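# next input, structure requested:
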Amino acid sequence: SGGGMAAEGDVELELETEPNGSGGGGDGAGGRAAEKPRKHDSGAADLERVTDYAEEKEIQSSNLETAMSVIGDRRSREQKAKQEREKELAKVTIKKEDLELIMTEMEISRAAAERSLREHMGNVVEALITLTN
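Residues are numbered from 1 along each chain as shown. This is a model prediction of the structure:
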């Protein structure tokens with residue numbers, strides 16, 4: 001009975017080696033064997049792509065922290081600059097009638113009209129010109 005097992009083992013081995021090794025068995029087998037490597041190559045290429053991607057991801061995540069802090073710094077600087085600008089704009093004296101004129105002429109909200117007027121240092125003509133452009 002032990003011999004029978006060995007034979008079975010041999011058959012299994014043959015089955016395993018056949019698809020890779022003996023491609024030239026017949027035309028049918030040859031055709032199959034020719035297609036196989038191509039599939040395998042693309043698989044290897046895909047795997048390579050996946051590992052490249054994973055490595056890139058690692059690099060990106062470390063750069064991300066740096067980038068985030070840079071962006072954060074820039075944001076807070078811009079925020080400060082904006083606040084300074086708002087303070088400057090708030091100091092600009094604007095006439096109520098100018099404000100109302102812009103609101104009615106341009107059909108915009110009070111806030112938008114006021115902002116425009118302040119940006120032009122209270123010059124209603126310049127504010128209107130900019131709004132119409």
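
# thought L99 was touching R115?
No - counting by Cβ atoms under 8 Å, L99 stays clear of R115, with 10.3 Å between them. C-beta: built from backbone N, CA, C; applies to glycine.

# those two - which one has more neighbours?
L99 (19 against 15; other Cβ atoms under 10 Å).

# any idea which element that one lies in?
Using DSSP states H and E, L99 sits within helix 96-106.

# which parts of that helix are buried?
98-99, 101-103 (16 or more other Cβ atoms under 10 Å).

# I'd like these written out as JSON lines, with pLDDT and distance to D52 added.
Listed next are the buried residues of helix 96-106 as JSON lines, based on pLDDT from 0 to 100; distance: Cβ to Cβ, whole Å:
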{"residue": "D98", "pLDDT": "95", "distance to D52": "62"}
{"residue": "L99", "pLDDT": "95", "distance to D52": "60"}
{"residue": "L101", "pLDDT": "95", "distance to D52": "63"}
{"residue": "I102", "pLDDT": "94", "distance to D52": "58"}
{"residue": "M103", "pLDDT": "96", "distance to D52": "59"}
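
# this structure: helices as residue ranges?
2-20, 27-91, 96-106, 110-119, 124-132 (DSSP state H).

# what helices and strands are in contact with the helix holding L99?
Applying 3 or more Cβ pairs under 8 Å, 6 or more residues apart in numbering; DSSP states H and E, one finds that helix 96-106 contacts helix 110-119, helix 124-132.

# not counting that helix itself, show me its contacts.
108-110, 112-114, 116-117, 122, 124, 127-128, 131-132 (Cβ atoms under 8 Å, 6 or more residues apart in numbering).

# swap the cut-off to 10 Å and go again
94-95, 108-114, 116-118, 120, 122-125, 127-128, 131-132 (Cβ atoms under 10 Å, 6 or more residues apart in numbering).

# between helix 110-119 and it, find me the angle.
Angle between the axes of helix 96-106 and helix 110-119 is 120 degrees (criterion: axes from the mean of the first three to the mean of the last three Cα atoms, to 10 degrees).

# so which of the helices and strands packed on helix 96-106 is the most packed in?
helix 110-119 (a mean of 18; mean count of other Cβ atoms under 10 Å).

# got any ranges where the chain has weak pLDDT?
1-47, 50-51, 53-60 (pLDDT under 70).
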